[in-house]
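[1] 3D, please:
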Amino acid sequence: MPDAGVGFLLVVLAGIATGVYFVGLKYVEPWKWENIWLVYAVLALLVMPITLTFATVPHLPEVLTSAPSGNVWWVLLYGLGWGIGSVLSGLGVARMGLAIGVSVLIGIDAVVGTFVPMLINTPQITFEKKGSMVFIAVVTLLVGVVIVGVAGKKRERDQASSKKPIQQGGFAAGLAICIFSGIFSAMMNFAFAFSQPISQAAMNVGAKASSALNAVWLITLAGGFIPNLAYTAFLLNHNRTWGNYLLPKTRPFWLIGLGMAILWFVGLIFYGWGATDMGSIGAVIGWPLFMAVLILASTVTGFVTGEWKGASTRTKEWMGAGLLVLIIASALLGIANRF
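    Residues are numbered from 1 along each chain as shown. Predicted coordinates:
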């Protein structure tokens, strides 16, 4: 029986899991970005969804052939778009740092991923109390993202003046990458919001309601795997970093990649369960909540892992203010969930 309160909690847990999975990127020297990203992508986008779907969805070939082909192709394309955003997110975060990089791309992601499903699936709530509360919450979320962005820029200046730079690449380049990443990354929520025919086809052949969405994730992540594989393979060849996999004392890095994959994939599954429990507007309320909690979790992780060393007290106060606004946005979404 769907429970909006349980759904809300599941989405919060999903945001926490997804908000901390990036941290593995910081601990794999001398591996390069492409080394760890390929391990993560193969596990999270291919091995895990294939294993889970075959274990929980009976007669999977029949599901894929009985679902409307147009819907299957659209979900695959949404996954492809999300995959492009995923690649860009890794590059953007490497340049801007965990806290600010994730905050910028998630801000864009939240707007696109929230309002497109609302306008297409549930346009009737746009001018209702629930829709108004969602709008206020998303605007509040964006205010929080802007404040966090200001804090990130101030942090960059503080670290430059104290000769403690920890980022790779320029702020402007990282900002542009994260903006495009946010636009493409929103397509993950499109795959969820517009995939009901596939879930129904899975239930028609005996899949439980809680498992039917796994068929959707399988298609979505298959599309997302393509750009991830293409780009990482290009970098491995271009930078001649295939040999890094054979370097001594790097075996633990495979476990780091596994940990990243588990955290991210669990977050995705929890999001699907939680948004489904929220009912017909789960994609509208769940997505910005997912984004807000993700930012909170990634920022706290950034502090813990030393991203803010060398930042002034004033800069940290800016970040604290941004986090407070994001907490308020999450609370507003909780209120909207109860309408």
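[2] quick one: the strands in this structure, in order.
    The residue ranges that make up strands in the chain, judged by DSSP state E, are empty, as it has none.
[3] tell me where it has helices.
    4-20, 33-42, 48-56, 60-66, 69-96, 98-121, 129-161, 171-185, 187-193, 196-204, 209-238, 251-277, 282-304, 313-338 (DSSP state H).
[4] tally of neighbours for L9?
    Neighbour count for L9, taken as other C-beta atoms under 10 Å: 14. For the C-beta atoms, the positions are set from N, CA and C on the backbone; glycine is no exception.
[5] can you get me a residue count around the spatially closest residue to it that is not a sequence neighbour?
    By the measure of C-beta to C-beta, 6 or more residues apart in numbering, the closest residue to L9 outside its immediate chain neighbours is G274, 7.2 Å from it. Neighbourhood size, G274 [other C-beta under 10 Å]: 25.
[6] same thing with G149?
    G149: 20 surrounding residues under other C-beta under 10 Å.
[7] give me the low-pLDDT residue ranges for the stretch 151-300 of the chain?
    By pLDDT under 70, the low-scoring segments of the stretch 151-300 of the chain are 161-171.
[8] again, only this time at 90
    Under the criterion of pLDDT under 90, the regions of the stretch 151-300 of the chain flagged as low confidence span 151-183, 205-210, 249, 277-286, 288, 291-292, 294-300.
[9] one step back: out of the helices of the chain, which comes closest to N244?
    Checking those against N244 by C-beta to C-beta gives helix 33-42 as the closest, at 4.9 Å.
[10] tell me the angle that closest one makes with helix 251-277.
    With axes from the mean of the first three to the mean of the last three C-alpha atoms, to 10 degrees as the criterion, the two stretches helix 33-42 and helix 251-277 enclose an angle of 50 degrees.
[11] can you mark which positions in stretch 53-66 are buried?
    If you call a residue buried by 16 or more other C-beta atoms under 10 Å, then stretch 53-66 has these buried ones: 53, 56-57, 60, 63-64, 66.
[12] returning to what we had before: columns distance to N244 on top of the helices of the chain, output as a markdown table?
    Listed next are the helices of the chain as a markdown table, based on distance: least, C-beta to C-beta, whole Å:
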| stretch | distance to N244 |
| --- | --- |
| helix 4-20 | 24 |
| helix 33-42 | 5 |
| helix 48-56 | 23 |
| helix 60-66 | 36 |
| helix 69-96 | 16 |
| helix 98-121 | 22 |
| helix 129-161 | 28 |
| helix 171-185 | 23 |
| helix 187-193 | 29 |
| helix 196-204 | 38 |
| helix 209-238 | 9 |
| helix 251-277 | 9 |
| helix 282-304 | 25 |
| helix 313-338 | 34 |
